[in-house]
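Peer 1: Just to be clear, the model below is a prediction. Sequence and coordinates:
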Amino acid sequence: MVDSTLPILGRLLGAVLTVGGAALWGGCDTVPAPERTPQGPSVTSLQVSPDSLHESDLAPEEIEDSLAQVEVDVSARAADPDGTVERVVFVFEPSSNPRGTLSGTLPPANNATRYGGRLGLSLPLVDEVYTVRVFAVDDDSLSGNQVTGQFRFVPTDTSGTGGGENAPRMQLHRRPDDS
């Protein structure tokens, strides 16, 4: 009798372990983590001031070694809908040499969503349009949209541009869409 009981007990124990294990593993439901789609920050309201400058507006001490020493204020609003803005980055890029850029970060201004600062620039004495690009990076390391503006520097010596010395100055403060 002992010999016939042992295989039955073994099968019974195996069945209990199989059913019990399945109940333990299958009976525990795991709650999936809520799906979160991180959103990048947004940048708006770019201001570049002044938006243009003529060499004759500078004092003689602001011209050094064929470079104009100018200050340009750049500011923008940045917000992150699902976190915090870690940094707001600017790029100051000459149109004639897109690789000759100046870049850095804009510090927070007087409120939580405005970032800005005064850039001290050394610009060559050539007629040049600079593109100012600003974007933000958030705490998820995502960047959002990019806003762009322009700054133009016009030297006093405008030979080759035609129209005499006053022509570039008259066009200096006109927007491209003002015909």
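Peer 2: Received it, and whenever you're ready, just let me know what you need. Model, not experiment: these values are computed from the prediction.
Peer 1: Can you get me a residue count around the nearest residue to residue 90 once chain neighbours are set aside?
Peer 2: Nearest residue to residue 90, sequence neighbours excluded (Cβ to Cβ, 6 or more residues apart in numbering): residue 134, at 5.0 Å. To be clear about C-beta, it is placed using only N, CA and C from the backbone, and glycine gets the same treatment. Using other Cβ atoms under 10 Å, residue 134 is surrounded by 27 other residues.
Peer 1: Tell me where this structure has strands.
Peer 2: With strands called from DSSP state E, the chain shows them at 42-49, 52-54, 63-64, 67-79, 85-94, 102-106, 114-124, 128-138, 143-154.
Peer 1: Give the other helices and strands that the first one contacts.
Peer 2: This means strand 42-49. Other helices and strands packing on strand 42-49, by 3 or more Cβ pairs under 8 Å, 6 or more residues apart in numbering; DSSP states H and E, are strand 67-79, strand 128-138, strand 143-154.
Peer 1: Just the angle for the second one relative to strand 114-124, thanks.
Peer 2: Put plainly, it is strand 128-138. For strand 128-138 against strand 114-124, the angle by axes from the mean of the first three to the mean of the last three Cα atoms, to 10 degrees is 150 degrees.
Peer 1: Show me which residues of strand 128-138 are buried.
Peer 2: In terms of neighbour count (16 or more other Cβ atoms under 10 Å), strand 128-138 has its buried residues at 128, 130, 132, 133, 134, 135, 136, 137, 138.
Peer 1: which other residues reach that strand?
Peer 2: With contacts defined as Cβ atoms under 8 Å, 6 or more residues apart in numbering, strand 128-138 is touched by 38, 40-43, 46, 48, 74, 76, 78, 80, 83-96, 106, 115, 123, 143-153.
Peer 1: List buried members of those residues by neighbour count.
Peer 2: Listed as buried from the contacts of strand 128-138 are 40-43, 46, 48, 74, 76, 78, 80, 85-94, 106, 115, 123, 144, 147, 149, 151-153; burial here means 16+ other Cβ under 10 Å.
Peer 1: Just give me the neighbour total for residue 45.
Peer 2: Counted with other Cβ under 10 Å, residue 45 comes out at 12.
Peer 1: Correct me if wrong: it contacts residue 79.
Peer 2: No: if you go by Cβ atoms under 8 Å, residue 45 and residue 79 don't touch, sitting 10.7 Å apart.
Peer 1: Which strand residues bridge the residue nearest to residue 90?
Peer 2: Assessed by DSSP bridges, residue 134 has beta-bridge partners residue 90, residue 147.
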